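Trainee: Next input, structure requested:
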Amino acid sequence: MDFQIALMLGQDGIVNGAIYGLLALTLVLVFSVTRVIFIPQGELVAFGALSMAALQLGKTPPTLWLGVGLGLAMLAMEGWRAARGRPVEWGSTLLWAVVLPGIAAVWSLLARPTGLAAQTVLTLLIVTPLGPLLYRTAYRPLANATVLMLLIVSVALHGVLVGLGLLFFGAEGSRTPAFSELRLDLGGIPLTGQSLVVVGVAALLMLGMYLFFERSIVGKALRATAINRTGARLMGIPTELAGDFSFALAALIGAISGLLIAPITTVYYDTGFLIGLKGFVAAIIGALASYPLAVVGALLVGLLEAFSSFWASAFKEVIVFTLIIPVLWWRSLRTRHVEEDE
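Mentor: You can find the predicted model right below:
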């Protein structure tokens, strides 16, 4: 390895780390607000990329019908809750189950967008409601369950979504056109415009999330819910809607991540699993609580993966996932165990 190869590997590591950083931030957000370790986050990445590919082939993305089906299930569940005299937030329910899927269906079936920008917006409109719909149908009925029970639900939901991905899109992979065809040569190192788009969009999203949580009322409400759910409820914050919003943000960022990687690598129905696991490793480095440490962990994972692919390509996945062992060992030494009340 010489200096030029090291720079090329470093570039790949930063690009990959940017994607892992976005996923790590969403995993930390969802866990902080809802106590859910959202393993299916990677499937939303794959759904975003494959839905975009379907639109570019002139087809209706099957994920549109998944959203419609989940919306109907959500309406049935909320109607049952209302019949039993329980409070129902009909405004948010209709938004996620009817309004957004309805707009996406009309736009996809009647307008048939052909431009890259319009297809991008439509893809985000299709995939984003899947987050709160999955939360309402799979997680919210178990809101008071243990973290282990919620993890089991996440594993089961991951299996279901992978199976649906195979049914919807088949075993063949897909790629989409790049958002930028720019080609640069910096000191003999090739640099593509798509790589700059990935890093730039990731940086803007991270900055936007920082400003959102620091400056906006909704962001501060989510932070309050993450710190003390009971206290936030006593202060009038609708904590159940906070779960909706956190899952919507996770789905949105997952879909954007899928759109960013689809021009770089071929995406298959199960591609999101490994990507999501690497984001999970980065989130673990941040203790599922610290956003800055999660971003640092994501860059570390990306660089480790890139250099491992050069030195030991057959074991690069093993090396990346082994990183979690010393992190957990170190945290077990520095964390005082507190017995839970029965």
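Trainee: Would you verify that residue 59 is located in a helix?
Mentor: No: residue assignment for residue 59, taken from DSSP: H, G, I helix; E, B strand; the rest coil, gives coil, which places it outside any helix.
Trainee: Tally up the residues packed near it, please.
Mentor: Burial of residue 59, expressed as a neighbour count using other Cβ atoms under 10 Å, amounts to 12. From N, CA and C alone the C-beta is placed, and that goes for glycine too.
Trainee: Residue 309 too?
Mentor: By other Cβ under 10 Å, the burial measure for residue 309, its neighbour count, is 19.
Trainee: Who's the closest spatial neighbour of it, skipping the chain neighbours?
Mentor: Counting by Cβ to Cβ, 6 or more residues apart in numbering, residue 309 lies nearest to residue 316, which is 4.8 Å off, once chain neighbours are set aside.
Trainee: Which pLDDT does the model give the closest residue to residue 195 other than its chain neighbours?
Mentor: Beyond its immediate neighbours in the sequence, the residue positioned closest to residue 195 (Cβ to Cβ, 6+ apart) is residue 15, lying 5.0 Å away. Confidence per residue is given as pLDDT, and for residue 15 that number is 89.
Trainee: Residue 15: neighbouring residues, count only.
Mentor: Neighbour count of residue 15, defined by other Cβ under 10 Å: 22.
Trainee: Regarding it, which helix or strand does it belong to?
Mentor: In this structure, residue 15 sits in helix 3-34 according to DSSP states H and E.
Trainee: moving C-terminal of that helix, what's the next helix or strand?
Mentor: helix 41-56.
Trainee: ok, residues contacting the helix or strand just after that next one?
Mentor: Sequence-wise, the next helix or strand beyond helix 41-56 is helix 62-83, with elements assigned using DSSP H and E. Contacts of helix 62-83 from elsewhere in the structure, counted by Cβ atoms under 8 Å, 6 or more residues apart in numbering, are 47, 50-51, 54, 87-88, 90, 93, 96-98, 100-101, 104-105, 108, 126-127, 129-130, 133-134, 136-137, 141, 164, 167-169.
Trainee: ok so, going back, tell me how far the helix holding residue 15 lies from the chain's centre.
Mentor: For helix 3-34, the distance from its own C-alpha centre to the chain's C-alpha centre is 12 Å (Cα atoms, centre = their mean, to the nearest Å).
Trainee: Determine the set of other helices and strands touching it.
Mentor: On a contact count with 3 or more Cβ pairs under 8 Å, 6 or more residues apart in numbering; DSSP states H and E, helix 3-34 meets helix 41-56, strand 189-192, helix 193-215, helix 217-227, helix 239-261, helix 271-285, helix 291-311.
Trainee: Contacts for the last one next, please.
Mentor: It refers to helix 291-311. 1, 5, 9-10, 12-21, 23-25, 27-28, 206, 209-210, 278-279, 281-287, 315-316, 319-320, 323.
Trainee: For residue 63, see how far away the residue positioned nearest the centre of the chain is.
Mentor: Closest residue to the average C-alpha location of the chain: residue 254 at 3.3 Å, with Cα atoms, centre = their mean. The spacing between residue 254 and residue 63, counted by Cβ to Cβ, to the nearest Å, is 12 Å.
Trainee: Quick check: neighbours shared by the two?
Mentor: Both residue 254 and residue 63 are contacted by 47, 127, under the criterion Cβ under 8 Å, 6+ apart.
Trainee: Check the secondary structure at residue 177 for me.
Mentor: Each residue gets one of three states, and residue 177 gets coil by three-state DSSP.
Trainee: What is the three-state secondary structure of the nearest residue to it once chain neighbours are set aside?
Mentor: Spatial nearest neighbour of residue 177, chain neighbours left out: residue 263 (6.2 Å); criterion: Cβ to Cβ, 6+ apart. The three-state assignment at residue 263 reads coil, by three-state DSSP.
Trainee: Residue 263 touches residue 174, doesn't it?
Mentor: No: distance between residue 263 and residue 174: 10.8 Å, which falls outside the contact criterion (Cβ atoms under 8 Å).
Trainee: hang on, the earlier thing: ok, which of the helices and strands packed on helix 3-34 comes nearest residue 179?
Mentor: Between residue 179 and the helices and strands packed on helix 3-34, the tightest spacing by Cβ to Cβ is seen for helix 193-215, at 4.9 Å.
Trainee: what sits up against that closest one?
Mentor: Applying Cβ under 8 Å, 6+ apart, the contact partners of helix 193-215 are 11, 14-15, 18-19, 21-22, 25, 178-184, 218-220, 222-223, 253, 256, 260-261, 263-264, 291, 295.
Trainee: surely residue 269 meets residue 168?
Mentor: Yes: applying Cβ under 8 Å, one finds residue 269 in contact with residue 168, separated by 7.5 Å.
Trainee: which helices and strands does the helix or strand harbouring residue 122 pack with?
Mentor: With elements taken from DSSP H and E, the one containing residue 122 is helix 116-127. Packed against helix 116-127, as judged by 3+ Cβ pairs under 8 Å, 6+ apart, are the following elements: helix 41-56, helix 62-83, helix 100-106, helix 239-261.
Trainee: Sketch out the low-pLDDT regions of the stretch 1-150 of the chain for me.
Mentor: Within the stretch 1-150 of the chain, the set of residues satisfying pLDDT under 70 comprises 1.
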